[in-house]
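Visitor: I'd like to go over a predicted model; first the sequence, then the structure.
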Amino acid sequence: AVMPMLRVGGMQLFRMENSDKSDKAFPRATQIAMGIAVLYLSFTALWAIMLWWAGMSQFDAIAHAMTTIATGGFSTKDASVGHFDSAAIDVIITLGMATGALPFILYLQMLRGRGRALFRDSQVRWFITIASSIILGLAFWHSETNAVPFLTALRYTSFNIVSVMTGTGYATTDYGLWGPFAVTVFFFVMFIGGCAGSTTCGVKIFRLQVLYEIAKVQLSHMLRPHGVFIAYYNRKPLSEDVTESVLSFFFLFVFCFIVLAAGLGAMGLDFITAVSSAGTAIANVGPGLGPIVGPSGNFATLPDGAKWLMSIGMLIGRLEVFTVLVLLFPAFWRD
């Protein structure tokens, strides 16, 4: 509700949820906030019941439901969700992470009678398409390369890809042992994130859509210099301030990632550990890559300075970059 009003990183695309009555789930922002809170708690309770039914204790079910819908990923077990070794639990949590990665405002619109609101949204369709394509492709590769039954490969791939893509950070297996291709896929997937208006972090799907539209327009201009081409999002033209905000956000996101990775490398971390730790911090994922900070490791052995750097990186990523960096400008405090 607040970020669109701050016009941060292209989020002004979603100002209509607060200002345009035709696209609002409720007439006032307070009602939207209350509706999202009730929906959030309802999802958490529902997933707690399902996890309890699937075999978790009541405490574990509640704890994991809270960090599944929140895409927070904190587990009560050292081995994360892999401790339970249950296909039913894997499926339930995978669906929960995907649920938390979609815009909550669209759930409210569905409850208010717009039954197709969720699936008519281009951001949701992109999220489902990207996640499904990566899961199926990696599952097939994992099955063929590592001689794993396809359904087993699909189970582990779907859980861990959705976990990393949404920034949840749960793990059921050490995917770092699958091979270099899998490690590369997981590295890039951690930056994607979910939809705007969800509980996820990362770059977010709508920004990838805007970047794609900008690139498409530029290519069209190169092919036909005198043509008139307009970038669209959700069947509406993109304004110049939105495209500039998204490009600025993407530049700063990459810049902060590079600075973090360089800083961690300067503290003696190897390349994989430094780069994946920087990525997982700014994208708020959880596990990194490699034997030290990968899904079977943790950050306990890293130097204190590295932990401070990663803490700053997590704040920058969670607060959409601009809202943190603007605090560094003297003009902000003078005004």
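Guide: Arrived safely.
Visitor: and the gap between the residue positioned nearest the centre of the chain and residue 202?
Guide: With distances taken as C-alpha atoms, centre = their mean, residue 193 lies nearest the centre of the chain, 2.2 Å away. Here residue 193 is placed at a distance of 2 Å from residue 202 (C-beta to C-beta, to the nearest Å). To be clear about C-beta, it is placed using only N, CA and C from the backbone, and glycine gets the same treatment.
Visitor: Spit out the residues that contact those two alike.
Guide: Here residue 193 and residue 202 have 165, 167, 283 as joint contacts, going by C-beta atoms under 8 Å, 6 or more residues apart in numbering.
Visitor: Nearest to residue 227 among those?
Guide: Nearest to residue 227, judged by C-beta to C-beta, of the shared contacts of residue 193 and residue 202 is residue 165 at 35.6 Å.
Visitor: Just to check, that closest one is in contact with residue 193?
Guide: Yes. Contact between residue 165 and residue 193 holds when scored by C-beta atoms under 8 Å: they sit 7.3 Å apart.
Visitor: Need the residues touching each of those two.
Guide: 101, 202.
Visitor: Show me the shaky parts of the chain.
Guide: Counting by pLDDT under 70, the chain shows low-confidence ranges at 1-8, 12-29, 335.
Visitor: Need the contact partners of stretch 95-114.
Guide: 17, 25-26, 32, 35-36, 39-40, 43, 47, 65, 68-71, 117-118, 121, 123-124, 127, 131, 162-163, 165-166, 168, 170, 193-200.
Visitor: now the end-to-end length of it.
Guide: Stretch 95-114 stretches 22 Å from its first residue to its last (C-alpha to C-alpha, to the nearest Å).
Visitor: what helices or strands is the helix or strand where residue 183 lies leaning on?
Guide: Residue 183 is part of helix 180-189, with elements assigned from DSSP states H and E. If you count contacts as 3 or more C-beta pairs under 8 Å, 6 or more residues apart in numbering; DSSP states H and E, helix 180-189 packs onto helix 122-145, helix 150-165, helix 271-282.
Visitor: got these as CSV, with distance to residue 61 and mean neighbour count columns?
Guide: Shown next, in CSV, are these (distance: least, C-beta to C-beta, whole Å; neighbours: other C-beta atoms under 10 Å):
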stretch, distance to residue 61, mean neighbour count
helix 122-145, 25, 17
helix 150-165, 17, 23
helix 271-282, 27, 24
